[in-house]
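*Asks:* could you work out the structure for the sequence below:
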Amino acid sequence: KQWYQRRVGDKGIKAPIGYLKASVKGACVNLFVMPFNYPVLFPLLEELIKEFRMQPSNQWITEFKSYVSSMPVYYYMPLRVALKRLSVPGSLLSLIPDSPDGMYFNNMLKSLKVQAKAEATRYM
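*Replies:* Numbering: from 1, shown residues only. Presented below is the predicted three-dimensional model:
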């Protein structure tokens, strides 16, 4: 049985984040927590390491960007850390935003700047 996570308001397909597995003796059930949507991520990483030898094609980069854009922002940092351990080049790590807070504040500052310009022209 797979364990799924859904973002609030999402109506689409749920992405798996782990699975339940009975112990060998059947005395208990264990929850294995995996990376977000691991059925998509693992083949991408396998292809990157074995097929492309850390030099991905444009198609791979497009698929990886799509994967990253589909995941919740709080997974960014753990994914970056895990990929660093795999010795993934920095050029690929840069496809993952540094932090969700930075993105949030940048967007907030941009909207405040637009709002301030509009108010300034109104008073001039």
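*Asks:* doesn't residue 79 belong to a helix?
*Replies:* Yes. Assessed with DSSP: H, G, I helix; E, B strand; the rest coil, residue 79 lies in a helix.
*Asks:* so how far is residue 36 from it?
*Replies:* Applying CB to CB, to the nearest Å, the value for residue 79 to residue 36 is 8 Å. (Each C-beta comes from the backbone N, C-alpha and C, glycine too.)
*Asks:* what is in contact with these two at once?
*Replies:* Listed contacts common to residue 79 and residue 36 are residue 71; contacts here mean CB atoms under 8 Å, 6 or more residues apart in numbering.
*Asks:* my read: residue 39 touches residue 18, true?
*Replies:* No. Counting by CB atoms under 8 Å, residue 39 does not reach residue 18; the two are 11.5 Å apart.
*Asks:* when the two are compared, which one has more neighbours?
*Replies:* residue 18 (18 against 10; other CB atoms under 10 Å).
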